[in-house]
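Colleague: Below: sequence and its predicted model.
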Amino acid sequence: MRIPLQSLVLAGLLIGAVAAGRSQAAEDSLVPEEMRKEVLPEKAKPATLRNKLSIGSTGAYNHASSVVGAADGSTVAVGVVIDGLSEWTSGAYECANTLKIQHIQTRTPQLPVFLKSADFAEVISTSIYRLAGVPWLGPYARFRINSQLFSSYVLKANAYQVKKTQLNGTSTTTPLAPQTRYDLSDGLNPLVFAETVGLFANPIERKWMTSKVKIGAGAQHVRSSNAYAVASDDTKAGTLEVKEIQAATQIGAEAEVALAGDVTEGVAWKAKANVFMPAYSTKGSKTGVDAMTSDLSFAVGIKLAKWLSIDYSFSARRVPLVLDSWQIQNGIILTAGFKVDSQP
């Protein structure tokens, strides 16, 4: 019987393919998986960019009429809260840029005009590099800048006197009539910015709690141009003392501990403590703990809906170059808004 040439060629190809497959299978069984991973390393993950933006409006309203201990009239508070994040990751390198803006205007029966009760803006850019084999540890570099967005001023319902003290020690006293505005500083004045390099450690990364620790060295700068801050306010005596803010540069050590977690679905908390201890300062006579800049904060948020949340926040900030006393704010804010989260 005569076999066609095409059939012989096809049979040869099939036999060769089967033999090659058996040879490859034998090779795979002889080479351990660990050795193959070393010879053929996994492909590097592609760089990713994630952007998040949360814009919300806050508000509160209260009306009193013939209530013991309360003035008749309405108390209204309105404001805006903006939180933004842009995070870029490439292998072991990460760069995160955050934006935080909070501004609230309040109107009371004693002063029937809107006055700002909160005005804060901050931008932070942090770069980290995770060490091979110890991804929760590595070097970091950070740049931070914060200020007020709008001009600062004082406005009181009753007559009062303002004692103004300049950096050279000279003082002047100005009497003001009720509801007379006294300007303290322009928008974005003073301006505080800092640069830090050091080591970070994120030893705990769980849903119920994450911990981030940073220790480093850097510089802090205060830029001020004819800006003043309230040093004391004696309501009974009707006197107000304002002091000029000192512009200076400080070099020293910085430490920060940040904690955050989810209690349950829709309930989250976060806390942070940051201190900067200057070792050198171009201005100012304070040293040691008296010259230390501190920033403490705590917040709890409850998500009522996708677009609605209620938050309690507490912050205590002390920057001796700006004001030699604690700046404390706390309150409950009802925020309604929307969030945008984009990632590849």
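Modeller: Perfect, thanks for sending it.
Colleague: average pLDDT across the helix or strand R144 falls within?
Modeller: In this assignment (DSSP states H and E), R144 forms part of strand 137-147. Averaging pLDDT along strand 137-147 yields 97.
Colleague: all strands for the stretch 51-200 of the chain, in order.
Modeller: Remark: strands assigned in the stretch 51-200 of the chain by DSSP state E, counting those that start in this stretch are 73-90, 93-107, 115-129, 137-147, 152-154, 160-165, 171-176, 182-185, 191-201.
Colleague: That should have said the stretch 201-344 of the chain, apologies.
Modeller: Under the criterion DSSP E, counting those that start in this stretch, the stretch 201-344 of the chain contains strands at 210-223, 228-234, 239-244, 248-264, 267-281, 293-305, 308-319, 323-342.
Colleague: Buried residues in the longest one, which are they?
Modeller: Which is strand 323-342. Buried positions in strand 323-342, judged by neighbour count with 16 or more other Cβ atoms under 10 Å: L323, D324, I333, T335, G337. The C-beta positions use only the backbone N, C-alpha and C, and glycine is treated the same way.
Colleague: Just flag the most distant two among those.
Modeller: Using Cβ to Cβ, the two most remote members of these are D324 and G337, lying 36.5 Å apart.
Colleague: For K270, which non-adjacent residue is closest in space?
Modeller: Of all residues not flanking K270 in the chain, A260 sits nearest, at 3.9 Å (Cβ to Cβ, 6 or more residues apart in numbering).
Colleague: I'd say that neighbour and K207 touch.
Modeller: No. A260 is beyond contact range of K207, at 10.2 Å (criterion: Cβ atoms under 8 Å).
Colleague: Export the strands of the stretch 201-344 of the chain to TSV and append columns for mean pLDDT.
Modeller: Below are the strands of the stretch 201-344 of the chain laid out as TSV (pLDDT from 0 to 100):
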stretch	mean pLDDT
strand 210-223	96
strand 228-234	93
strand 239-244	95
strand 248-264	96
strand 267-281	96
strand 293-305	95
strand 308-319	92
strand 323-342	84
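Colleague: Of those strands, which is nearest L137?
Modeller: For L137, the closest of these is strand 210-223, at 9.8 Å, according to Cβ to Cβ.
Colleague: low pLDDT regions in the stretch 1-150 of the chain?
Modeller: Applying pLDDT under 70 to the stretch 1-150 of the chain flags the ranges 1-45, 69.
Colleague: go again using 90 as the cut-off
Modeller: Counting by pLDDT under 90, the stretch 1-150 of the chain contains low-confidence ranges at 1-46, 56-74, 110-112.
Colleague: hang on, the earlier thing: among the strands of the stretch 201-344 of the chain, which is nearest I128?
Modeller: Of the strands of the stretch 201-344 of the chain, nearest to I128 by Cβ to Cβ is strand 210-223, at 9.2 Å.
Colleague: Give me the helices and strands touching the closest one, please.
Modeller: If you count contacts as 3 or more Cβ pairs under 8 Å, 6 or more residues apart in numbering; DSSP states H and E, strand 210-223 packs onto strand 137-147, strand 191-201, strand 248-264, strand 267-281.
Colleague: Present these as TSV; the columns should include mean neighbour count and distance to Q179.
Modeller: What follows is the helices and strands packed on strand 210-223, written out as TSV (neighbours: other Cβ atoms under 10 Å; distance: least, Cβ to Cβ, whole Å):
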stretch	mean neighbour count	distance to Q179
strand 137-147	18	27
strand 191-201	17	30
strand 248-264	16	35
strand 267-281	16	38
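Colleague: V67 is nearest to which of these?
Modeller: strand 267-281 (33.3 Å).
Colleague: If you count contacts, what does that closest one end up packed against?
Modeller: Counting contacts by 3+ Cβ pairs under 8 Å, 6+ apart, strand 267-281 packs against strand 210-223, strand 248-264, strand 293-305.
Colleague: Report the angle between that strand and strand 293-305.
Modeller: If you take axes from the mean of the first three to the mean of the last three Cα atoms, to 10 degrees, strand 267-281 sits at 160 degrees to strand 293-305.
Colleague: now A219, nearest residue through space, not along the chain?
Modeller: Spatially, and ignoring its direct neighbours in sequence, A219 is nearest to I251 (4.9 Å; Cβ to Cβ, 6+ apart).
Colleague: Let me see the contact set for the nearest residue to L323 once chain neighbours are set aside.
Modeller: Spatial nearest neighbour of L323, excluding adjacent residues (Cβ to Cβ, 6+ apart): A229 at 4.5 Å. A229 makes contacts with L184, S185, V242, K243, I245, V322, L323, as judged by Cβ atoms under 8 Å, 6 or more residues apart in numbering.
Colleague: Identify the residues contacting the third one.
Modeller: V242 is in contact with V154, V162, K163, K164, T165, L184, Y228, A229, V230, A231, counting by Cβ under 8 Å, 6+ apart.
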